[in-house]
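>>> Take this sequence and fold it.
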Amino acid sequence: MLAAGAVETQDIDFVKTGKLYKLTTTQAARVRLYSTAARRSTDAARPSTQKLTDPSDCELDVVTDAAHLSFALKEATFSNQDDPVTGKAYLSVTNLGASAAVGVTVVFTDLES
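Prediction:
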């Protein structure tokens, strides 16, 4: 359960480098995907209305709403920047809907398999 307006962060097993095709949430949410945990921490307070200072800081920043829970991601890629490189991605999800679990699905292709 994620309260309305609350943010949850997770380190997820992902790919070292990948092409992202589609993102879907189960309810209105802001989903950000980062290449390092440090970049996620640095960007934590940035509102969705503010542009990134350095576009490489955040790999993906998508806001869904009740009418648009799924987005095609054109030309979106992910590349882990940990040293050494790992198969991890660093996720931040903000619940923009009612208090409930927020599911996130990302369709991708591993470019290093």
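>>> By mean pLDDT, which helix or strand of the protein comes out lowest?
Sorting the helices and strands of the chain by mean pLDDT, DSSP states H and E puts strand 70-79 at the bottom, at a mean of 92.
>>> Next, the buried residues of that strand.
Neighbour-count burial for strand 70-79 flags 71, 73, 76, 78 (criterion: 16 or more other C-beta atoms under 10 Å). (C-beta placed from N, C-alpha, C; glycine too.)
>>> and that strand, what does it pack onto?
Using 3 or more C-beta pairs under 8 Å, 6 or more residues apart in numbering; DSSP states H and E, the elements in contact with strand 70-79 are strand 17-25, strand 60-64.
>>> Could I get the contacting residues of the closest residue to residue 77 other than its chain neighbours?
With sequence-adjacent residues excluded and distances taken as C-beta to C-beta, 6 or more residues apart in numbering, residue 77 is closest to residue 19, at 5.6 Å. Residues near residue 19 by C-beta atoms under 8 Å, 6 or more residues apart in numbering: 76-78, 108-109, 111.
>>> before we move on, back to that, nearest to residue 88, of the helices and strands packed on strand 70-79?
Nearest of the helices and strands packed on strand 70-79 to residue 88, taken as C-beta to C-beta: strand 17-25 at 12.0 Å.
>>> Report the angle between the closest one and strand 70-79.
Inter-element angle recorded for strand 17-25 and strand 70-79: 150 degrees (by axes from the mean of the first three to the mean of the last three C-alpha atoms, to 10 degrees).
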